[in-house]
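Chemist: Please find the sequence and the predicted model below.
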Amino acid sequence: MSRILGIDPGSRITGYGIIDHDGREMRYVTCGVVRAGNGDFPLRLRTIYEAVMELAETYRPDMAAVEQVFIQRNPDSALKLGQARGAAICGCVAGNVAVAEYTPRAIKQAVVGKGGADKSQVQYMMRVLLKLPAAPSEDAADALAVAVCHAHHLGQQAAGLAGAR
């Protein structure tokens, strides 16, 4: 059984989702958001870093997956998002968790079946795939989707290895 921490980084709200994966089935562990607020930007980055490090220490994931930055119209927003990603990745590494990265399109393709899916579709699929009583918040659902995408990737790798034998 592998435990996967998925992270949907944001400079104000960073989503996280944790699942267990045994190669065939996924089981929901927890999800939520880290609210870094609107204050001083370096302090928001510290909040993200410390929260992710605490998640790594508390839940002991075997691996983490983080959504890659997509190109935005506003360069300042893209830079801030990249820095938030960096803080989250550093939190994982400080917690001794290896990190994989996936594009938003690859994540949506893995969980919804189409790379252009909207947030409500991702929320719905996380509820269905993980047998949740209600849809998680958008940011938490996106983070769970990152973890599920990584679980699918691991499953494909295992299938490829088994087929090569």
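Modeler: Perfect, I can see it now. Please read these numbers as outputs of a predicted model, since none were measured by experiment.

Chemist: C-alpha only now, for contacts and for neighbours.
Modeler: Will do.

Chemist: Backbone torsions only: list them for Gly23.
Modeler: Backbone torsions for Gly23, taken as degrees, to the nearest 10, come to phi 100, psi -30.

Chemist: Run a quick neighbour tally on it.
Modeler: For Gly23, the count of nearby residues is 15 (other CA atoms under 10 Å).

Chemist: Just give me the neighbour total for the residue nearest to it when sequence neighbours are not counted.
Modeler: The spatial neighbour of Gly23 that comes closest, neighbours along the chain excluded (CA to CA, 6 or more residues apart in numbering), is Gly155 at 5.7 Å. Residues lying near Gly155 (other CA under 10 Å) number 17.

Chemist: pretty sure Gly155 contacts Glu25?
Modeler: No - counting by CA atoms under 8 Å, Gly155 does not reach Glu25; the two are 9.9 Å apart.

Chemist: The helix ranked longest in the chain - contacts with which helices or strands?
Modeler: Of all segments of type helix in the chain, defined using DSSP state H, the longest is helix 138-163. Contact partners of helix 138-163 among helices and strands, from 3 or more CA pairs under 8 Å, 6 or more residues apart in numbering; DSSP states H and E: strand 2-8, strand 13-21, strand 26-35, strand 63-67, helix 104-111, helix 119-129.

Chemist: tilt between that helix and strand 26-35?
Modeler: Counting by axes from the mean of the first three to the mean of the last three CA atoms, to 10 degrees, helix 138-163 lies at 140 degrees to strand 26-35.

Chemist: ok, and for helix 138-163, which residues are buried?
Modeler: 138-152, 154-155 (16 or more other CA atoms under 10 Å).

Chemist: Buried residues, stretch 109-119. List them.
Modeler: By neighbour count with 16+ other CA under 10 Å, stretch 109-119 contains the buried residues 110-112, 117.

Chemist: Check stretch 41-50 too.
Modeler: For stretch 41-50, a neighbour-count test (16+ other CA under 10 Å) marks 41, 44-50 as buried.

Chemist: cool, stretch 23-42 as well?
Modeler: Within stretch 23-42, the residues scored as buried using 16+ other CA under 10 Å are 26-28, 31-36, 41.

Chemist: quick one: average confidence on it?
Modeler: If you average the pLDDT over stretch 23-42, you get 94.
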